[in-house]
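Engineer: Predicted coordinates and the sequence they were generated for:
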Amino acid sequence: MRMALASKAKILGIIPARWGSTRFPGKPLHLIAGKPLVQHVWDRCQLCKNLDSVVVATDDQRIADAVEAFGGQVALTASDHPSGTDRIAEVAKQADCTHVINIQGDEPLISPDLIDELAQTLIDQDDCEMVTAANPIRFEDPEFNDPNVVKVVLDHHGQALYFSRSPLPFTRNPEPDLQILRHKGIYGFSRDFLLQFVKWPPSALERCEQLEQLRALENGAKINVIITSDDSPGIDTLEQADILNRQFLTE
């Protein structure tokens, strides 16, 4: 991995990984094409040009041992974090970095170019506190009405107005020029903003929708949103992991 930018910025990629997923316990170590799921994410990060370093943040020794076995860097964190964001903040607080990219540990096909684009945005825009990504979908797509798929609407400057599990926007009057966006769960932060974010208590909208990013909006923060063609899926269930495993094995 190399740093492609002549900049004082130091970008740390953090992959949060926990054992106790309600729907899929032990997910980070589930084997896909012979490698743990978290290793696939790690390998994608090694293709990035704008990350200075990458670390897996976990509270589970089994995950830590597996990461070290494939040559990855790991940070053991407290076990009582309410979210992955709190987990990465613990690591960032001790790290020598200016910015952090939170790379979900269950997206084995995440685009390295997208990670680099988030990092580039943080470096280029001095006032950028938080950045995320979204990919286009259509009103007629099943995802539009799926509460497990988060939607986002933007202002004219590419910043988030709102995120929701509900269909967003409501189509009382269909507008052909309106872009419908599915939110991708990858985030970039300035280190200072991340450490401030986790000090705020969960907000009312966040608790209602179960979406952490609404805490940032309710506290007046701006969230830049990159539009991407990367529609790589996250792995939430064993069935999804098995489908991906078959895809790897047939390629």
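Structural biologist: Thanks, I have it.
Engineer: Just give me how far the one helix or strand in the chain whose mean pLDDT sits lowest sits from the chain centre.
Structural biologist: Least confident helix or strand, the chain: helix 238-250 with a mean of 84, by mean pLDDT, DSSP states H and E. In terms of C-alpha atoms, centre = their mean, to the nearest Å, the centre of helix 238-250 is set 21 Å apart from its chain centre.
Engineer: For that helix, name the packing helices and strands.
Structural biologist: Packing partners of helix 238-250 (3 or more C-beta pairs under 8 Å, 6 or more residues apart in numbering; DSSP states H and E): strand 31-32. For the C-beta atoms, the positions are set from N, CA and C on the backbone; glycine is no exception.
Engineer: Quickly run through the sheet partners of the strand it packs on, with directions.
Structural biologist: Under the criterion DSSP bridges, strand 31-32 sits next to strand 35-36 (antiparallel) in its sheet.
Engineer: for whichever helix or strand comes after the strand it pairs with, the distance to its chain's centre please.
Structural biologist: Using DSSP states H and E, the helix or strand that follows strand 35-36 in sequence is helix 37-45. Offset of helix 37-45 from its chain centre (C-alpha atoms, centre = their mean): 13 Å.
Engineer: just the helices in the protein please.
Structural biologist: Here the chain has its helices, by DSSP state H, at 37-45, 61-69, 84-94, 112-124, 191-197, 204-209, 213-218, 238-250.
Engineer: Ok, which of these comes nearest Val153?
Structural biologist: helix 213-218 (11.5 Å; C-beta to C-beta).
Engineer: So which elements touch that closest one?
Structural biologist: Contact partners of helix 213-218 among helices and strands, from 3+ C-beta pairs under 8 Å, 6+ apart: strand 130-137, strand 160-164, helix 204-209, strand 223-227.
Engineer: Just send these back as JSON lines, with distance to Leu217 and mean pLDDT too.
Structural biologist: Converted to JSON lines, the helices and strands packed on helix 213-218 look like this (distance: least, C-beta to C-beta, whole Å; pLDDT from 0 to 100):
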{"stretch": "strand 130-137", "distance to Leu217": "10", "mean pLDDT": "96"}
{"stretch": "strand 160-164", "distance to Leu217": "7", "mean pLDDT": "98"}
{"stretch": "helix 204-209", "distance to Leu217": "8", "mean pLDDT": "95"}
{"stretch": "strand 223-227", "distance to Leu217": "7", "mean pLDDT": "98"}
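Engineer: Among the ones you listed, which comes closest to Gly20?
Structural biologist: Once those are compared by C-beta to C-beta, helix 204-209 is nearest, at 20.8 Å.
Engineer: Can you spell out which helices and strands pack onto that closest one?
Structural biologist: helix 213-218.
Engineer: export the helices of the chain to a markdown table and tack on mean neighbour count and distance to Phe170?
Structural biologist: Shown next, in a markdown table, are the helices of the chain (neighbours: other C-beta atoms under 10 Å; distance: least, C-beta to C-beta, whole Å):
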| stretch | mean neighbour count | distance to Phe170 |
| --- | --- | --- |
| helix 37-45 | 22 | 35 |
| helix 61-69 | 16 | 41 |
| helix 84-94 | 20 | 29 |
| helix 112-124 | 20 | 29 |
| helix 191-197 | 18 | 29 |
| helix 204-209 | 14 | 15 |
| helix 213-218 | 21 | 18 |
| helix 238-250 | 13 | 29 |
